[in-house]
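J.: got a predicted structure here, sequence first:
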Amino acid sequence: MVSTAPWVAPSADPTPRTRPVPHPSHHTPEALGPVCLHLAENPHDTDRPFAFLATVASPRPAGPPRHIPFARALEQVRGHPHATDRILGPLHEAAQNSPWFGTLVDRGQLLHPQRWTATTALTFLRTGPILEAAGLHLRVPRWWTEQRNNPRVRVVLHPREDATLDTRELLRLDVHIALGDTPLTPEEQARLLASHDTFVRLRGRWVEVDAARLQAVLDRWTEARAAIAGTGLSVVQALRVLAGTAPADDDTPPIGIPTNRWQEVVAGPALQDRLRALRSTPVPAAAPPGLRATLRTYQQTGLAWLTTLGTLGLGALLADDMGLGKTVQVLALLLRLHHAGRPASLVVVPTSLLRNWASEAARFTPDLTVAIAHPSAGATAWSPDQPADVVLTTYGMLHRLPHLLDPTWERVVFDEAQALKNPTTLRARTARRLTSRAVVLLTGTPIENRPLDLWALFDLANPGLLGTARRFTDTVQQLGDDRAPLRRLVAPYILRRTKSDPGVAPELPDKTEVTVWCGLGPAQATLYRDTVQRLRAVLDQADAPFVRGGAVLSTLTRLKQVCDHPALVTDTPNPRHTSGKLRELARLARTLADTHERMLVFTQFRRMMPLLEATLAEAYGRDGLTLHGGTPVSERARRVDAFQAPDGPPFFVLSLRAAGTGLNLTAARHVVHFDRWWNPAVENQATDRTHRIGQQHAVLVHKFTCRGTIEERIDRLLEDKAHLARDLLAPTAGPALTHLDDTALLDLVRLDLDSARLHEQV
């Protein structure tokens, strides 16, 4: 039990006692509590403008409880140990956690009403969280609980009256001290900065003031405003500040952080209106005249969103799931621009999608004049003097056709834009040399491996918005798990819908993913162990990081090849050698042949494709199709059409790099990932060749994985990358395999023979 001695000492305060509140006879002392601490303004006392009173709540059968003075409550609980503990326990805890409050209690200042100075009242208010955590109830003036209860330096961003909101626009700053949204008058500001008090009455309420800190913040912003007086603040700097991500780059004026206790950066009314339009959900736009397609509601929303950002001169990242019709949304946009008399647009695509875009444009937007800038177009290939609404080209042609860099395009559209995630490649550097009013990026995987993938895309669509690559990386690390500021910054420029979203594609059938566990044949097990032993020897001798890294990467590739089939790594393939994966594939194919179901089989290794084709042809009793990087562009379209035919071939073996994106192969109901890409985003893109709008049947995805090998261990890591994509801006995708220490790396690749379950040779 807590002693009552410290709480009943006589008070030296001359303040007269208040009239006692009668104790309700129908309540026992056991019902009293909790202790309430009241602070109120006393406008009639200029020296001690606050009144303090401690009470104890006394419940009533109906209505709010009565409050009786603390001293009277102590008298009523005397002789009731439990009631005394319940009242004095929170006070004892608060006194231990706050020496200031402990002194208040020791002096008996809770026993009688007190008159307090502004300084004492401020100390009490600052101590409030500690007191409440101990179980005490506080009743304080409403202005203290309101947000922004102290004056701040307020910086307001204003655009030019006639400006759009593109990334090249320059803004001006208005800097002043404000209370809430209301600027202080020059006289009020001067009086505030000259004050030596920390708690002053301003505009009818008491506010906390740190004059020295306010002056320092005001000076900093005044200097920043002067530094940009001749140029203005760029939109990308302003948006970073408003989102709360990071300061500007090193070569720009200091612009601080957007909000803290003593400063606040806000958009002015005109800028707020534009940002509100940018961040609000667009009203679905009607399809333009001449579009020979019925846009779904979410596609109409996408069209409106693309139109709005383009009008503002801002880049857009359309990140819908594969198969949700990103192409038709962009074609509708291009048709709308055509009707508005805008200049030509450039569409850059992987080679495998060139003919697909041309055929989709002819099908959905025949009013557009479409030209192809690619040698496959022959004599009709686009030249600068050829009129066109849309010019189609490939990533490989960007640096080979310099005349593509000359025009100022209305839009530049990059399909499968993840091809530009590495900003140092020739294709990415060339893409940045294109000029246009706005950029549109299409990708279902804005992040494949790491947050820097997103930076590379945004630096192309809205240069400077995320700062430099180094600063972006630092920002992600500084944010840690709190990625809300970064999401807030990029959200207006990313539109992502998934197949599972309500109302997007309710008719789309289910997709089921299963892991097909495979064993190793004896030859595979021997090759696997030999490869691991060679890696161990290299690690023992490798000193230079690049030597070690190269050895690790080549070993990982070789181990994946061994898991597929021994023939991929031996100079003289033994016809008697087989693989557990090939056995499982043959078994699956025979089952599907009986039910007349077709399949897609993806592999990373071109040398594996003949073995897959032969195995499947034998199991189905019919030949199938193949497609890889060496397949001519015109032949690719023919093979896709052949597979899609009702009586088409029963299987299609595809290179993951060449055919993992863009193709429509809904005739298949089964997808086989024969070897794991170790990136769930890439695998999902390949799966979406068949699980897309137009699919009438449930899709079953088979992921072939060898037990006891690196494939099984990497399978566990894939969920981390999938989480990164879902979270969009996770700080890391886990340690790079080449950066693992030797022990962790060898544990990753070791062979577990018990799990591998070797097959007998045939």
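T.: Here it is on my side, so go on. Fair warning: this is a prediction, and the values are worked out from it, not measured in the lab.

J.: leaving out sequence neighbours, find the closest residue to P289.
T.: Distances taken as C-beta to C-beta, 6 or more residues apart in numbering put H339 closest to P289, at 6.8 Å, once the chain neighbours are dropped. For glycine as for every other residue, the C-beta is placed from the backbone atoms N, C-alpha and C.

J.: before we move on, what about P43?
T.: Spatial nearest neighbour of P43, excluding adjacent residues (C-beta to C-beta, 6+ apart): P49 at 6.9 Å.

J.: what number of residues lie near that neighbour?
T.: 18 (other C-beta atoms under 10 Å).

J.: mind listing what it touches?
T.: Shown in contact with P49 (C-beta atoms under 8 Å, 6 or more residues apart in numbering): 41-43, 117-118, 121, 201.

J.: check A379 too.
T.: Counted by C-beta under 8 Å, 6+ apart, A379 has zero contacts.

J.: quick check, pLDDT for it.
T.: Per-residue confidence for A379 comes out at a pLDDT of 72.

J.: where does the residue nearest to P289 land on pLDDT?
T.: pLDDT, read off for H339, is 94.

J.: surely it meets P288?
T.: Yes: assessed by C-beta atoms under 8 Å, H339 is found in contact with P288 at 5.8 Å.

J.: SS state for R692?
T.: The three-state assignment at R692 reads coil, by DSSP: H, G, I helix; E, B strand; the rest coil.

J.: how far away is it from R529?
T.: According to C-beta to C-beta, to the nearest Å, R692 stands 42 Å off from R529.

J.: so between those two, which is more surrounded?
T.: Neighbours per residue (other C-beta under 10 Å) separate R692 from R529, with R692 holding more: 21 against 14.

J.: for the nearest residue to the more buried one once chain neighbours are set aside, the count of nearby residues, please.
T.: Distance criterion C-beta to C-beta, 6+ apart; nearest residue to R692, sequence neighbours excluded, is G323 at 2.3 Å. Neighbourhood size, G323 [other C-beta under 10 Å]: 22.

J.: try T103
T.: So T103, with other C-beta under 10 Å, has 11 neighbours.

J.: my guess is F414 meets L420, correct?
T.: Yes: if you go by C-beta under 8 Å, F414 and L420 touch, sitting 6.4 Å apart.

J.: joint contacts of those two?
T.: By C-beta under 8 Å, 6+ apart, F414 and L420 have these common neighbours: 431, 460.

J.: just the pLDDT for the residue nearest to P43.
T.: Note on P49: pLDDT of 90.

J.: please apply the same query to A589.
T.: 92.

J.: swap in the one 4 residues further on?
T.: Among the per-residue scores, A593 shows a pLDDT of 88.

J.: against F70, how distant is it?
T.: The value you get for A593 to F70, if C-beta to C-beta is used, is 87 Å.

J.: may I see the buried residues of stretch 105-114?
T.: Buried residues in stretch 105-114, counting neighbours by 16 or more other C-beta atoms under 10 Å, are found at 105, 108-114.

J.: same question for stretch 616-635.
T.: Quick answer for stretch 616-635 (16+ other C-beta under 10 Å): 616-617, 619-620, 624-628, 631, 633.

J.: can you redo these as CSV with distance to P446 and pLDDT?
T.: Supplementary listing: the buried residues of stretch 616-635 in CSV, determined by distance: C-beta to C-beta, whole Å; pLDDT from 0 to 100:
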residue, distance to P446, pLDDT
L616, 34, 95
A617, 39, 94
A619, 39, 92
Y620, 38, 92
G624, 34, 94
L625, 31, 93
T626, 31, 93
L627, 26, 91
H628, 27, 88
T631, 28, 86
V633, 27, 77
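
J.: of the residues you listed, which pair is most distant in space?
T.: Maximum pairwise distance among those (C-beta to C-beta): 30.3 Å, between A619 and V633.

J.: count the residues that sit near P375.
T.: If you count neighbours by other C-beta under 10 Å, P375 ends up with 12.

J.: show the contacting residues for the residue nearest to it when sequence neighbours are not counted.
T.: With C-beta to C-beta, 6+ apart as the criterion, P375 has its nearest non-adjacent residue at 6.6 Å, and that residue is A381. A381 is in contact with 371-375, counting by C-beta under 8 Å, 6+ apart.

J.: 10 Å instead?
T.: 371-375, 393, 397, 401 (C-beta atoms under 10 Å, 6 or more residues apart in numbering).

J.: with L663 instead?
T.: The neighbours of L663, taking C-beta under 10 Å, 6+ apart as the test, are 352-353, 356, 600, 627, 636-637, 639-640, 643-644, 652, 654, 686, 688-690, 692.

J.: with V699 instead?
T.: 508-513, 600, 666, 668-671, 687-688, 690-692.

J.: can you rerun that using 8 Å?
T.: Applying C-beta under 8 Å, 6+ apart to V699 gives the contacts 509-512, 669-671, 687, 690-691.

J.: who is it paired with across the strands?
T.: On the basis of DSSP bridges, V699 is bridged to K511.

J.: kindly report the same for the one 5 residues further on.
T.: Using DSSP bridges, the beta-bridge partners of F704 come out as V516.

J.: so how many other residues sit close to it?
T.: F704, neighbours per other C-beta under 10 Å, totals 25.

J.: for W143, same thing?
T.: For W143, the count of nearby residues is 12 (other C-beta under 10 Å).

J.: nearest residue to it other than its sequence neighbours?
T.: If the residues on either side of it in the chain are set aside, W143 comes closest to R205, at 4.2 Å by C-beta to C-beta, 6+ apart.

J.: and the one you found, how far from V153?
T.: Note on R205: its distance to V153, by C-beta to C-beta, is 19 Å.

J.: tell me which of the two has more neighbours.
T.: Legend: neighbour count by other C-beta under 10 Å for R205 and V153, higher for V153 (24 against 14).

J.: since that was my last question, I'll sign off now.
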